[in-house]
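In: Coordinates for the following, if possible.
(one chain, ligands or ions: 1)
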Amino acid sequence: MPAYDSLLASITTDAVSARDVFDPATGELIGRAPLLTSAEADAAVDRAADAQAAWAALGHEERSAVLHRAADAVEAQSEALAQILSREQGKPLNGPNARFEVGACVSWLRVTADTPTPTQVVVDDGSDYAELHYRPIGVVGAITPWNWPMMIAIWQIAPALRMGNTVVAKPSEYTLLSGLALIAVLNEALPPGVLIAAPGDGGIGAGLVANAAVGKIMFTGSTATGKKIIEASAGNVTRLTLELGGNDAGIVLPDVDPEAIAEQLFWGAFINTGQTCAALKRLYVHDDVYEAVCDALVEVASSMPMGIGLDEANVLGPLQNAMQFDVVDRLVEAARRSGARVLLGGDPKRDQPGHFYPATLIADIDPTNDLVVEEQFGPVLPIVRYTDLDEAITLANGLDVGLGASVWSADRDRARDVAARIEAGTVWINSHGGVHPMIPFGGVKQSGYGLEFGVDGLKAASVPQVING
Ligand code: NDP
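Out: Next up is the predicted model:
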C-alpha cells in the first residue's frame with residue numbers, strides 16, 4: 001500500500017464517534033477522524049501522567065536522542081504527511097506550504113533536541129552560590145489551530161518533551177487528520193504514553209485546561225479562545241503560554257526599490273494563502289512609492305497559481321473552511337462598499353467547489369476600515385497610503401494586538417529606529433514572518449504572552465527551581 005494510503009488508514013476509523021473530513025479544495029471525503037469523549041481525554045491525561053516519571057528519568061541526552069529518532073521518522077514519512085496535510089488543510093505541496101511545513105517539523109525537532117539546557121549558575125561570588133535549574137512540569141496540554149496544524153504542534157510538543165514532560169495534544173477539529181498523522185509518526189520513536197493525541201472539538205481543549213493533572217497549557221489560536229483559557233486556568237493556577245491572533249502591520253519607507261521588495265512583501269502577506277498568525281495583514285506605504293509598490297505587488301500576485309494542493313504547479317490554495325471564507329468575503333465587501341480600490345481579486349467563483357478566494361489587493365483604503373483593523377486571516381492585503389511616518393507608526397500601534405510587524409527601507413539603521421517604536425513581539429526588517437528555531441517568538445498586547453523557540457522556549461516548557469547553597 002502506498003505510504004499515504006497506509007498512514008491515512010492507520011489514523012481513520014469507521015467508529016460511530018468520528019467526524020467526516022472533507023478536502024477544502026474539492027469537497028471530497030478524505031476519511032473519518034476519531035473523536036474522544038471527555039472521559040477518554042481524561043484517561044489520556046492519566047496515562048501521560050503515569051508515563052512522565054520514567055520519561056523525565058531518561059535525562060536530557062537520551063531524550064534528545066529520542067527526539068532525533070522522532071525527526072528521522074517524520075523525515076521517512078515526509079511525503080505521506082505532506083499529502084495528508086495538503087488534502088485536509090488545503091495548502092499546496094509546493095511553495096512555503098505542505099512540504100515546507102513537514103520540513104520545518106524535522107528541523108524544529110532536531111534543533112530543539114540540540115539546544116543547550118537552560119541551567120545556569122546565577123551567583124558565585126565567594127560568599128553566595130546559587131543555580132537556576134529548569135525541571136519538568138509534568139503533563140503539558142498542547143492545543144493547536146488549523147492553519148499550520150503540524151508545525152505549530154511540533155513547536156509545543158518538541159520543547160515540552162525535551163524538558164521531561166509528557167504531552168496530551170489536541171488538534172483543531174478542522175485538521176484532525178494532520179494532527180493524528182503527525183502524532184502517529186512521532187510515536188514510532190517515542191515510548192508509550194509520552195505523547196497522546198486527544199482529537200475532539202473545543203470542549204476537549206477546555207477539559208484539558210480544567211484537568212488538575214495538566215500542569216501547563218501551550219496554546220496557539222484566537223485571542224477569544226485564549227481569554228477563555230486564561231479564565232479557566234485560574235482554578236488550578238495552570239501555567240500558560242499563549243500565542244494568539246495578530247494583525248501585523250508593515251511600514252514601507254519612501255527609499256525602497258518597489259520591484260526589489262515586491263516578492264518578499266507578497267509572501268509576507270500571502271504565505272499559507274494568508275492563513276498565518278504572523279502574516280503581513282495591513283501595509284502602510286509612503287505616498288512617494290505608493291503607486292509603484294501597488295503595481296509591483298499586482299504583478300507578483302497575479303503570477304502565483306492557486307488551486308488544488310496536490311497539483312505540483314500551485315503555490316496558493318483554498319481557505320481551510322467555509323467560516324474563514326465568509327470572514328474574508330465580508331471584509332473585502334466592506335472595503336469595496338467604502339469606496340476602496342480593488343487592484344486585484346475580490347471576485348471568488350461561487351459556483352465552483354472548494355473554499356477558494358483569489359489573491360486580493362485593496363488600495364486607497366481608509367485606515368479605520370474593518371479590512372484593516374480586523375484580522376482577515378486570508379489572501380487579502382489592504383494597502384494604506386501615508387505621508388507622515390509618525391502617523392504611520394501611530395496607525396501600526398493603534399490596535400490591541402502585537403504579534404509581528406515589519407519595516408521596509410534601503411537604510412537598515414533608519415529601519416531599526418522605526419522598528420524600536422513599534423509595539424510587536426517581533427519586528428522584521430525587509431522581510432515578514434520568517435521564524436527560526438533558535439530565535440524567540442511571542443506576542444505583546446492581546447497577541448498573548450510567553451516565548452517559544454530556543455533556550456527561552458525550553459524555559460517556558462519547564463518550572464524554574466533555585467538551588468541555593
Ligand atoms: P481557535 O481559538 O478557534 O482554536 C484554537 C484551538 O483551541 C483549537 O484546537 C480549538 O478547538 C481549541 N479550543 C476552542 N475552544 C477552546 C476552549 N474553550 N478551551 C481550550 N481550547 C479550545 O483558533 P483557530 O483554530 O480558528 O485559529 C486561528 C487563530 O489562531 C487566528 O486568530 C490566528 O491569528 C491564531 N494563531 C496564532 C498563532 C500565533 O503563534 N500567535 C499562530 C497561528 C494561529 P476546535 O478547533 O476543535 O474548536
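In: Can you name the residues of the stretch 1-150 of the chain sitting close to the ligand?
Out: Residues of the stretch 1-150 of the chain lying close to the ligand (C-beta under 6 Å from any ligand atom) are 143-147. Any C-beta I mention is one placed from the backbone N, CA and C, and that applies to glycine too.
In: from the residues you listed, which is closest to the ligand?
Out: In terms of C-beta to the nearest ligand atom, no member of these lies closer to the ligand than Pro145, at 3.1 Å.
In: did I read that right, the closest one in a strand?
Out: No - the assignment for Pro145 (DSSP: H, G, I helix; E, B strand; the rest coil) gives coil, which keeps it out of a strand.
In: what's the burial count for it?
Out: 23 (other C-beta atoms under 10 Å).
In: What sits closest to it if chain neighbours are left out?
Out: Nearest non-adjacent residue to Pro145, counting by C-beta to C-beta, 6 or more residues apart in numbering: Gly221, 4.6 Å away.
In: what are the pairing partners of the helix or strand harbouring Val168, and which direction each?
Out: In this assignment (DSSP states H and E), Val168 forms part of strand 166-170. Looking at strand 166-170 with DSSP bridges, its partner strands are strand 139-143 (parallel), strand 195-197 (parallel).
In: Would you mind checking the average pLDDT for it?
Out: In this model, strand 166-170 carries a mean pLDDT of 98.
In: So which residues make contact with that strand?
Out: If you take C-beta atoms under 8 Å, 6 or more residues apart in numbering as the criterion, strand 166-170 is touched by 41, 44-45, 48-49, 51-52, 55, 138-144, 153, 156-157, 160-161, 179, 183, 193-200, 204-205, 208, 214.
In: Among those residues, which lie within strands?
Out: 139-143, 195-197, 214 (DSSP state E).
In: Tell me the one of those residues nearest the ligand?
Out: Of all the ones in strands among the contacts of strand 166-170, the ligand sits closest to Ile143, with 4.7 Å by C-beta to the nearest ligand atom.
In: okay but the closest one is in contact with Leu208, surely?
Out: Yes - using C-beta atoms under 8 Å, Ile143 makes contact with Leu208 at a distance of 6.7 Å.
In: Give me the common contacts of those two.
Out: Contacts common to Ile143 and Leu208, judged by C-beta under 8 Å, 6+ apart, are 170, 217.
In: Contacts only, for Pro191.
Out: Pro191 neighbours (C-beta under 8 Å, 6+ apart): 51, 54-55, 66.
In: so which helix or strand takes in it?
Out: Short version, using DSSP H and E: Pro191 is in no helix or strand.
In: pLDDT at it, what is it?
Out: pLDDT recorded at Pro191 is 98.
In: Likewise for the one 10 residues further on?
Out: According to the per-residue confidence, Asp201 scores 96 in pLDDT.
In: Just to check, it is in contact with Glu173?
Out: Yes - the pair Asp201 / Glu173 is scored as a contact, 4.5 Å apart, by C-beta under 8 Å.
In: Name the residue in those two with the higher neighbour count.
Out: More neighbours surround Glu173 than the other of Asp201 and Glu173, with 20 against 15 (other C-beta under 10 Å).
In: Could you identify the longest helix within the chain?
Out: Longest helix in the chain, counting residues (DSSP state H): helix 38-57.
In: Show me which residues of the stretch 351-469 of the chain are close to the ligand?
Out: So far as C-beta under 6 Å from any ligand atom goes, the stretch 351-469 of the chain lies against the ligand at 375, 377, 403, 443, 447-448.
In: ok but Val121 is inside a strand, no?
Out: Yes - Val121 sits within a strand when classified using three-state DSSP.
In: Next, the closest residue to it other than its chain neighbours: secondary structure please.
Out: With C-beta to C-beta, 6+ apart as the criterion, Val121 has its nearest non-adjacent residue at 5.4 Å, and that residue is Glu131. Following three-state DSSP, Glu131 is assigned to strand.
In: Just the pLDDT at Glu131, thanks.
Out: Looking at Glu131, its pLDDT reads 97.
In: For it, the count of nearby residues, please.
Out: Per other C-beta under 10 Å, the neighbour tally for Glu131 reads 15.
In: likewise Gly59?
Out: 9.
In: Report the contact partners of it.
Out: With contacts taken as C-beta under 8 Å, 6+ apart, Gly59 has no neighbouring residues.
In: Could you check the angle the longest helix of the chain makes with strand 139-143?
Out: Note on geometry: by axes from the mean of the first three to the mean of the last three C-alpha atoms, to 10 degrees, helix 38-57 and strand 139-143 are set 120 degrees apart in direction.
In: Tell me the buried residues in helix 38-57?
Out: 41-42, 44-45, 47-49, 51-52, 55-56 (16 or more other C-beta atoms under 10 Å).
In: cool, and stretch 18-33?
Out: For stretch 18-33, the neighbour count (16+ other C-beta under 10 Å) marks 18-19, 21, 23-26, 30-33 as buried.
In: Pick the one among these closest to Ala262.
Out: Ala25 (26.9 Å; C-beta to C-beta).
In: Confirm that closest one sits in a helix?
Out: No - according to three-state DSSP, the state of Ala25 is coil, so it is not within a helix.
In: Which parts of the stretch 251-400 of the chain are helices?
Out: Under the criterion DSSP state H, counting those that start in this stretch, the stretch 251-400 of the chain contains helices at 258-270, 290-301, 322-337, 370-373, 389-396.
In: got those helices as JSON lines, with mean pLDDT and mean neighbour count columns?
Out: Output for the helices of the stretch 251-400 of the chain, formatted as JSON lines (pLDDT from 0 to 100; neighbours: other C-beta atoms under 10 Å):
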{"stretch": "helix 258-270", "mean pLDDT": "98", "mean neighbour count": "21"}
{"stretch": "helix 290-301", "mean pLDDT": "98", "mean neighbour count": "19"}
{"stretch": "helix 322-337", "mean pLDDT": "98", "mean neighbour count": "17"}
{"stretch": "helix 370-373", "mean pLDDT": "98", "mean neighbour count": "21"}
{"stretch": "helix 389-396", "mean pLDDT": "98", "mean neighbour count": "18"}
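In: Out of those helices, flag the one nearest Asp413.
Out: Among the helices of the stretch 251-400 of the chain, the nearest to Asp413 by C-beta to C-beta is helix 389-396 (14.6 Å).
In: which secondary structure elements does the closest one contact?
Out: Helices and strands touching helix 389-396, by 3 or more C-beta pairs under 8 Å, 6 or more residues apart in numbering; DSSP states H and E, are strand 248-252, strand 280-286, strand 380-386.
In: Deepest-packed of these, please.
Out: strand 248-252 (a mean of 28; mean count of other C-beta atoms under 10 Å).
In: Not counting sequence-adjacent ones, nearest residue to Thr387?
Out: Using C-beta to C-beta, 6+ apart and skipping the chain neighbours, the partner closest in space to Thr387 is Asp287 (4.9 Å).
In: any idea how far the one you found lies from the ligand?
Out: From Asp287 across to the ligand, the span is 30 Å (C-beta to the nearest ligand atom, to the nearest Å).
In: again with Ala80
Out: Applying C-beta to the nearest ligand atom to Ala80 and the ligand gives a distance of 23 Å.
In: okay but that residue is in contact with Tyr4, surely?
Out: Yes - shown here, Ala80 and Tyr4 form a contact pair, counting by C-beta under 8 Å, at 4.4 Å.
In: how much space between Val106 and Ile84?
Out: Distance of Val106 to Ile84, given as C-beta to C-beta, to the nearest Å: 16 Å.
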